[in-house]
Each structure stands twice: as C-alpha cells, then as structure tokens.
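Participant: Fold the following.
(one chain, ligands or ions: 2)
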Amino acid sequence: MSETHIYIDEKGYKTIVAKPLTATNFAIFGDVIECNEQVENFTINQGFTRRFHNLADIDVSDNDGKAIISIFRTIPLEQPIRIGMMERHPKGSQAFIPIGNQPYLVVVAPKGELNLSQIQVFIASSDQGVNYHKGTWHHFCLALNEQSDFLVVDRCGEGNNCDEITFIDEQKIIIKF
Ligand SMILES: NC(=O)N[C@@H](O)C(=O)O
Ligand code: NI
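Facilitator: Ligands and ions are numbered 1, 2, ... in the order given. You can find the predicted model right below:
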C-alpha cells in the first residue's frame, strides 16, 4: 500500500476520512462478517434457515489458547474522535459482531511494525462484523452515536496477547466521516 490516507485539515490536524467497510477493502486486515451473496451460503433446517458459511478465520490456538465469547458494552468517544493508540493481538484473532442497530468505526493498520501512514478507517454498518486477523493493528472498539453492544470472539490463553502503542500528541489523527 503506497498512498497515505492521512491529510492535514484546515486547522493543521492530521485527519483521515472513514470509508465504507467492504470485504475487499478490509481483506489485508481480516474478515468482514456479513450476509451477502458473495459468501458461500445454503439452506438448512428444512429450508427455514439460510447458512452463510465460514465467514471468519478464528485463529486462537497459539500456546493452547481457546476461543471465548464476550460482550463489549461500549460508549462512544466524544467527537471529533482523535485516534491516540493502536493495539494488536499477536497470539490470536479478534472478532466484533454488533448486537444493536448502530454503525461503528474500525481503525486498522497492517501487521508488522506499526506505520502510522498506513492507518485506515472504515465505517461499518450494524449488519457487518469484523474479524481482525492475528497481529492486525487496530484501535479498541469504537461505538458511534450511542452505547452499543458487540459480541466478541477472541482468544483466552497463556502469554501476552495485547501489544499497545500510545501516540504522542503530534501523532494523533482526527476521524472524519
Ligand atoms: N482489551 C480488549 O479486550 N479489547 C480490545 O482488544 C479491543 O480491540 O477492543
Ligand atoms: Ni483488540
């Protein structure tokens, strides 16, 4: 990825404009969990259910880890939201599936050494979940508009599974959408 997504706004602040979340534009970061005709789907349960099959790669087995399900009840940050941290989970994937009806923000950067110029921001609909692949840099869960619940599937196990980087003021990035 060459071009940066960051520009300097009229007040001199680093700024990123959020883009709509699609499986294609999120592919290097992880999976988008949604029902659409592009994913494998078939009817089950005597035709009363359509199964949208195998939507995300849940990768939690490092160091005998296991998958757990939690609910993150999240309140929105004050706007304009200014990104001041990024984290990654080196031992496992982490999936967020919205339970309510609100959109939310997804802030990511590619695995490896964190490169601030490669941060991307997506706005996800309440019909879309995301699964961060192991090592994908991301901001912690970002609700929009109102308190929102997310069903979270991630790893429980031995060893550190959360590397966090806090930005100095000049590195912080405002999100516009
Ligand atoms: N700390 C924690 O469990 N949450 C973060 O990993 C997050 O991505 O929200
Ligand atoms: Ni996380």
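
Participant: And the spatially most central residue of the chain, how close does it get to Phe72?
Facilitator: With distances taken as Cα atoms, centre = their mean, the chain has Val106 as the residue nearest its mean C-alpha position (4.4 Å). Distance from Val106 to Phe72, counting by Cβ to Cβ, to the nearest Å: 14 Å. (C-beta placed from N, C-alpha, C; glycine too.)

Participant: just to revisit the earlier point, ok, now which ones touch the residue nearest to the centre of the chain?
Facilitator: For Val106, the contacting residues are 21, 26, 121-124, 130, 138, 142, by Cβ atoms under 8 Å, 6 or more residues apart in numbering.

Participant: tell me the secondary structure for Lys111?
Facilitator: Per DSSP: H, G, I helix; E, B strand; the rest coil, the local secondary structure of Lys111 is coil.

Participant: Tell me where the model's unsure across this structure.
Facilitator: Within the chain, the ranges that satisfy pLDDT under 70 run 1-4.

Participant: in it, which spans are helices?
Facilitator: Along the chain, counting by DSSP state H, helices occupy 23-26.

Participant: Against the centre of it, work out the most remote residue.
Facilitator: The outermost residue of the chain, judged against the average C-alpha position, is Gln46 (34.7 Å), by Cα atoms, centre = their mean.

Participant: near ligand 1, which residues of this protein?
Facilitator: In this structure, the chain approaches ligand 1 at residues 87, 94, 138, 140-141, 162, judged by Cβ under 6 Å from any ligand atom.

Participant: now, which of those sits nearest Asp31?
Facilitator: Relative to Asp31, the closest of those is Gln94; by Cβ to Cβ it sits at 11.2 Å.

Participant: do you know how far the closest residue to His53 other than its chain neighbours is from Leu21?
Facilitator: In space, not counting the residues next to it along the chain, His53 is nearest to Glu40; the distance is 4.5 Å by Cβ to Cβ, 6 or more residues apart in numbering. Between Glu40 and Leu21 the distance, using Cβ to Cβ, works out to 20 Å.
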